[in-house]
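Participant: Prediction below, plus the sequence it came from.
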Amino acid sequence: MASSRGIGPTAAMPEVYAVVAARRTQFDNLLWQVPVLTITAQAFLFTIALGADTRPTARIVSCALSLLITFLTIHLFTRHRQAEITDAHWLEQYEQGRYGSGQAHGLVWQHARNGTDPAIGWFSAFARLAGVKTWAIGLSLFGLAALVILVITIFWPSLLQKP
């Protein structure tokens, strides 16, 4: 955190707070752009991998790329989350030092959000799922699917061809 480098939350000026808040927002935006773009790329690669007329070499290459994209995406997703959380904690410390509570960022805000009913009927149950963990698992499943297709391509290629 920033406070470990000598920039304590109470020593920061309002301009620094605004810059860190803007940076945190940018990391949060990047965090959710990564999976959206990845799903598009994965759909393209799976179209190749599962095409009935696709040659085994193309299947293997597209599956290998899908596995690579899965790894890189989860890595980038995790790093964006790490940066966003670091800034959220710094902002919370600043707010606690300056205002006596961290209501706009950090754990206080997280608990308030988690305690708010999104008022969308039975879909509200989805709000109980941890967003980043759920998406990381979902993104991992693309890699698992690519691995399964790769194994089928190598050991049972007839399963992926036209009957």
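Facilitator: Noted; the coordinates are in hand. Residues are numbered from 1 along each chain as shown.

Participant: Mind giving me the packing neighbours of whichever helix or strand S66 is part of?
Facilitator: Assessed by DSSP states H and E, S66 sits inside helix 56-99. For helix 56-99, the elements it packs on are helix 14-50, helix 106-114, helix 131-155, judged by 3 or more CB pairs under 8 Å, 6 or more residues apart in numbering; DSSP states H and E. Where C-beta positions appear, they are placed from N, C-alpha and C, glycine not excepted.

Participant: roughly how far is stretch 57-73 from the heart of the chain?
Facilitator: Between the mean C-alpha location of stretch 57-73 and the chain-wide mean there is a distance of 19 Å, by CA atoms, centre = their mean, to the nearest Å.

Participant: now stretch 13-27
Facilitator: Computed by CA atoms, centre = their mean, the chain-centroid distance of stretch 13-27 equals 21 Å.

Participant: State the mean pLDDT of it.
Facilitator: Regarding stretch 13-27, the rounded mean pLDDT is 88.
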